[in-house]
Structure formats: C-alpha cells, structure tokens
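Asker: okay, predicted coordinates and the sequence, questions at the end:
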Amino acid sequence: MKVGVRVRRATPEDVPALIDLFEELEKLQRGWRVFTPRPGFADEVTRKYRHALGRPDVVVLVAEDEGEIVGMAHGEARTPSRFSDERALHLSGVVVRSDVRGRGVGRALVREAARFASERGVPWVTLNTFAPNLGSTEFWETLGFRARVVEMTASTKALSARLGE
Ligand SMILES: CC(C)(COP(=O)(O)OP(=O)(O)OC[C@H]1O[C@@H](n2cnc3c(N)ncnc32)[C@H](O)[C@@H]1OP(=O)(O)O)[C@@H](O)C(=O)NCCC(=O)NCCS
C-alpha cells in the first residue's frame, strides 16, 4: 500500500471528509442513476454517517494519509436473503480519492471491512455496483467478488411505448 496510509474506524471529526468523498462518488455515479434522488438527499447522507458511527452492526472506515482522509468504506451487517438467516456485511460508499487510486488503498479498506465481518462471525460480504462502472467491477473481481444477481430496469413510459400501451 502507499507508504504512510493508515486505515482506521471513522470518528465524528471525519464526517466532513466523508461527505467530500461521498460527493466525489456521487458525481461519478450520477449519470448511471435511474431513480432521481429526493431533495435533501445529501443531508440524509450526512445524518446516516453520523448515526452509523455509534452502531455496533456498522463499520465506517477511513484511509488517512499524513493527516488527510483519502478513502472511505461503509459496511452494515444485514440478513439479505428472505430465505436465510445468514448475515452479510453490505459494503457501500467505497471510494478512494482520485489522486491516490491504484496504490492499494481500496484493498486496505476492504481488508479492514473483512476483518470486521470475520470478528463478528458474518460469513458473507456483499455490495452493489453500477454495471457501467467497469473500473469498480474489475477492482471487486480482483478481490474475489463475483456477480450473483442482475437488477434490470426500464422506465414504465418507455416500456409502455414499446409494448404499444
Ligand atoms: C474502486 C476503487 C475504490 C479502488 O480503489 P484503489 O485504491 O484504486 O484500488 P487498489 O489500488 O487497492 O487496487 C486493488 C486491486 O484492484 C485492481 N483495480 C483497482 N482499480 C482498478 C481499475 N479501475 N481497473 C482495473 N483494476 C483495478 C488493482 O489492479 C489491484 O489489483 P492488484 O492488487 O492485483 O494489483 C477506486 O478506484 C475508486 O474510488 N473508484 C471510484 C469510486 C468507485 O467506483 N467505487 C466503487 C463503487 S461500488
């Protein structure tokens, strides 16, 4: 990993830096969203991160480089299957600042998330990624993740036009 980078649990003082990174991710993903975010969405995210710091089933990690936050990851233990009681740590908000990508910071964040899951006996780690985000897909595949479910969307209007309704 990049020399000097340290991954640790986030503290309330890190929340502004978490929001900056979230905004970097949001800009990247904006063109891939189909559901329009509701007004106040960014404030909701700020509240979510603040609240997450006190929850035992949630981990918020930051990568710090010489006092600057250069990456983050959020993980929440859930029971994703309606047919199983097995838990999964669901990752979201995984982002490394663009100028330090490709130097092992993302891998180090996921390593800590895996440690959190392992210590709590959570047997799976899951995440969603946008299909056109090829860099992200390659990153996750390098770490051993494989696509399991494909969610498909069509707008009702386009579908109705196509089907002649
Ligand atoms: C995806 C992301 C978090 C990866 O972080 P990173 O610090 O650049 O990744 P690392 O340097 O730890 O790379 C780990 C491995 O993944 C591979 N990898 C990382 N990014 C890659 C890319 N864009 N294309 C191909 N492979 C990639 C690396 O080659 C490396 O493999 P190696 O260890 O065998 O050399 C980072 O690129 C990022 O923030 N992207 C924008 C936000 C995003 O898409 N987040 C994911 C949303 S689901």
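Answerer: Sure, I can see it.

Asker: only C-alpha atoms for contact and neighbour calcs from this point on.
Answerer: OK.

Asker: what residues does the chain put near the ligand?
Answerer: Residues of the chain lying close to the ligand (Cα under 6 Å from any ligand atom) are 25, 94-97, 101-107, 129, 135-136, 138-139, 142.

Asker: those in helices, which ones?
Answerer: Counting by DSSP state H, those place 25, 105-107, 135-136, 138-139, 142 in helices.

Asker: Throw the residues you listed into JSON lines and include neighbour count, thanks.
Answerer: Output for those, formatted as JSON lines (neighbours: other Cα atoms under 10 Å):
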{"residue": "Leu25", "neighbour count": "17"}
{"residue": "Val105", "neighbour count": "26"}
{"residue": "Gly106", "neighbour count": "24"}
{"residue": "Arg107", "neighbour count": "16"}
{"residue": "Gly135", "neighbour count": "9"}
{"residue": "Ser136", "neighbour count": "15"}
{"residue": "Glu138", "neighbour count": "12"}
{"residue": "Phe139", "neighbour count": "14"}
{"residue": "Thr142", "neighbour count": "11"}
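
Asker: what helices and strands are in contact with the longest strand along the chain?
Answerer: In the chain, taking DSSP state E as the definition, the longest strand is strand 68-78. Strand 68-78 sits against helix 15-29, strand 58-65, strand 88-96, helix 105-119, with contacts defined as 3 or more Cα pairs under 8 Å, 6 or more residues apart in numbering; DSSP states H and E.

Asker: can you tell me which residue is spatially central in the chain?
Answerer: Nearest to the geometric centre of the chain sits Ser92, at 1.8 Å (Cα atoms, centre = their mean).

Asker: got a list of contacts for stretch 56-63?
Answerer: Defining contact as Cα atoms under 8 Å, 6 or more residues apart in numbering, one finds that stretch 56-63 is touched by 5-10, 49, 52-53, 69-77, 105, 109, 112-113, 116.

Asker: before we move on, what about stretch 107-121?
Answerer: Here stretch 107-121 has contacts from 1, 7, 59, 61-63, 71-73, 75, 77, 88-89, 123-125, 143, using Cα under 8 Å, 6+ apart.

Asker: and those, which of them are buried?
Answerer: 7, 59, 61-63, 71-73, 75, 77, 88-89, 124-125 (16 or more other Cα atoms under 10 Å).

Asker: many thanks, I have nothing further to ask.
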